[in-house]
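Trainee: Predicted model follows, preceded by the sequence.
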Amino acid sequence: MADDIRAAGAVVRDPATSSGRVLLVHRPRYDDWSLPKGKLEPGEHVLLAAVREVAEETGLRVTLGRRLPTVHYLSDDVPKRVDYWVATAEGPPPEFAPNREVDGLAWAVGGGAATGGVALTYERDVDTVAAALAGPARTTPLIVVRHAEAGHESDWPGDDLSRPLDPLGAHEARLLSALLRCFGVCRVISAPAERCLATVRPYAEATGRALEVEPTFDVTRADAGSGGADPEKAAAALAATAEPVIICAHRENLPVVVAAACAELGATPTAGEPLRKGEFLVLHRAAGRLIGAERYHPEPD
């Protein structure tokens, strides 16, 4: 509902152990132990909110993994929706500084028993932690992006391969740079068309990664799809790697790319609307299998 309170957070798993320890926060206002989370700011994307709230409450910069079930409950008789992800810290934690919202941290085993007797206060948080611990602690993303807005081919006087993003598309590419960084530092693969390269170039520059061109993802060639190129093999090979990867391609070949990646991961693509321009699909992988999938547009809901 439009009137719902929107919030986002994460189940931060301890990267140093495999014991299932997760990070809890103590809120002095409520005198409770909960998961790091907080309300979305006006116009804020839910992915950015999750990362920001964890950083503000714990001091940790995290990388998001698979999405967890959304939690719904009433807060002062107003419906509240909280979106959660499994998350891992991107480095050693800084010294914690208590603040107005959070005055203590604790690592708890499963959220229900921790050093010093700390445990989660709310059953809904216990359920969220159980969902996080039911899957792998770490997943590796394969992110498939449809290029951002680039006007119409008929309005561009040059070769279609060189058609650039329009102003809206350039704006979407800047938004994408921040959103994609929520899932960590990835290898960046693009179709040769400038509109694809420009969509992920801000992310590549921000993370210091090379922007690699994959010729088989080119749909502007006259022989594209005739058998001379094999985007299926390229996509399957990228899905089979153990490294995080971003692929930017076109409406025409994204279904092939996604189907080949899912087949490599032992899964069938779910039916759904095609990705909109600038929209992206995150495939979470672990041990060569598909663990979860989610999709987002750069503009917030």
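Mentor: Great, that's in hand.

Trainee: remind me which residues of this structure are low pLDDT?
Mentor: Counting by pLDDT under 70, the chain shows low-confidence ranges at 1-2, 16-19, 93, 111-117, 221-229.

Trainee: Give me the domain ranges for it.
Mentor: 5-133, 140-296 (automatic domain parsing).

Trainee: Now tabulate the ones you listed in TSV and tack on mean neighbour count.
Mentor: For the C-beta atoms, the positions are set from N, CA and C on the backbone; glycine is no exception. Output for the domains of the chain, formatted as TSV (neighbours: other C-beta atoms under 10 Å):
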stretch	mean neighbour count
domain 5-133	17
domain 140-296	18
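
Trainee: hmm, who's touching the longest strand that the chain contains?
Mentor: Criterion DSSP state E: the longest strand present in the chain is strand 78-89. With C-beta atoms under 8 Å, 6 or more residues apart in numbering as the test, strand 78-89 has contacts from 1, 3-13, 15, 35, 37, 46, 50, 54, 60-74, 128, 132, 135, 137-139.

Trainee: Okay, now the sheet partners of that strand, with direction.
Mentor: strand 5-13 (parallel), strand 62-67 (antiparallel), strand 71-75 (antiparallel) (DSSP bridges).

Trainee: Dump those into a markdown table; add distance to residue 105 as well.
Mentor: As requested, these are exported to a markdown table (distance: least, C-beta to C-beta, whole Å):
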| stretch | distance to residue 105 |
| --- | --- |
| strand 5-13 | 10 |
| strand 62-67 | 14 |
| strand 71-75 | 21 |
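
Trainee: closest one to residue 277 among those?
Mentor: Across the strands paired with strand 78-89, residue 277 has its closest neighbour in strand 62-67 (22.7 Å, C-beta to C-beta).

Trainee: so who does residue 52 touch?
Mentor: 38, 44.

Trainee: That one looks like it's in a helix, true?
Mentor: Yes: assessed with DSSP: H, G, I helix; E, B strand; the rest coil, residue 52 lies in a helix.

Trainee: I'd like the distance between it and residue 46.
Mentor: 11 Å (C-beta to C-beta, to the nearest Å).

Trainee: sorry, back to before: chain center to the longest strand of the chain: distance?
Mentor: 13 Å (C-alpha atoms, centre = their mean, to the nearest Å).

Trainee: pull the CA atoms of the helix or strand that comes right after it into PDB?
Mentor: The element immediately downstream of strand 78-89 (helix or strand, assigned by DSSP states H and E) is strand 104-109. In PDB, the C-alpha atoms belonging to strand 104-109 read as follows (Å, rounded to 0.1, in the frame of the first residue of the first chain):
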ATOM      1  CA  GLY A 104      25.200  -1.600  21.700                       C
ATOM      2  CA  LEU A 105      26.100  -4.500  19.300                       C
ATOM      3  CA  ALA A 106      26.200  -8.200  19.900                       C
ATOM      4  CA  TRP A 107      27.000 -11.300  17.800                       C
ATOM      5  CA  ALA A 108      24.300 -13.900  18.500                       C
ATOM      6  CA  VAL A 109      24.100 -17.500  17.400                       C
END
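
Trainee: Please enumerate residues in contact with stretch 171-180?
Mentor: With C-beta under 8 Å, 6+ apart as the test, stretch 171-180 has contacts from 45, 47-48, 143, 145, 148-149, 165, 186, 198-203, 205-206, 246, 277-278, 280, 296, 298-299.
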